[in-house]
Structures are given as C-alpha cells and as structure tokens.
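In: Quick one, fold the following:
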Amino acid sequence: MCEGVGAKVKALHRTKIGNLSVKSLKIGEWRYLKEEEIKNLQN
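Out: Below you'll find the predicted structure:
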C-alpha cells in the first residue's frame, strides 16, 4: 500500500488489528484466534 503511493517504510509496528490487541505477542510469534474473536471480526 505504501509503495503504491511512493512512500518508503523504514519500520512497521502493529499493536492492534480491529478490536484485537497483539501487544502480548513477541516478534514473530502468533496464535490461533478464539471463536469469539473470529465472530467479532466478521461483524
């Protein structure tokens, strides 16, 4: 997206995705979403 408008990104840090906080995850770490989280994202 940034490249499409000619912007260069030096670093990118995501702290939230929708209502989900990802602050507790370490770099490179992931987890499965809970059923309730999936339902909230679908609404």
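In: what sits against the residue nearest the centre of the chain?
Out: When Cα atoms, centre = their mean is applied to the chain, the residue found nearest the centroid is Ile17 (4.1 Å). By Cβ atoms under 8 Å, 6 or more residues apart in numbering, the contact list for Ile17 is empty. C-beta: built from backbone N, CA, C; applies to glycine.
In: Could you report the pLDDT at it?
Out: The model reports Ile17 with a pLDDT of 79.
In: beta partners of it?
Out: Leu20 (DSSP bridges).
In: and it, how far is that from Gly6?
Out: 26 Å (Cβ to Cβ, to the nearest Å).
In: related to what we said a few turns ago, distance of the residue nearest to the centre of the chain from Lys8?
Out: Ile17 sits 23 Å away from Lys8, going by Cβ to Cβ.
In: same check, this time on Trp30
Out: Distance of Trp30 to Lys8, given as Cβ to Cβ: 27 Å.
In: same thing with Glu35?
Out: Plainly put, Glu35 is 39 Å away from Lys8 if you go by Cβ to Cβ.
In: what do you get for Asn19?
Out: When Asn19 is compared with Lys8 (using Cβ to Cβ), they lie 30 Å apart.
In: Between those two, point out the one with more neighbours.
Out: Higher neighbour count among Asn19 and Lys8: Asn19, with 9 against 6, using other Cβ atoms under 10 Å.
In: quick one: contacts for the more buried one?
Out: Asn19 touches 40-41, counting by Cβ under 8 Å, 6+ apart.
In: Going forward, count from 31.
Out: Sure, I'll start numbering at 31, so the last one becomes Asn49.
In: For it, give its distance to Gln72.
Out: When Cβ to Cβ is the yardstick, Asn49 and Gln72 sit 12 Å from each other.
In: Likewise for Leu42?
Out: Taking Cβ to Cβ as the measure, Leu42 falls 25 Å from Gln72.
In: and if you look at Arg61?
Out: Distance, Arg61 to Gln72, using Cβ to Cβ: 18 Å.
In: neighbour-wise, which of these two wins?
Out: Neighbours were counted for Arg61 and for Gln72 using other Cβ under 10 Å; Arg61 has more, 9 against 6.
In: Alright, that wraps it up for me.
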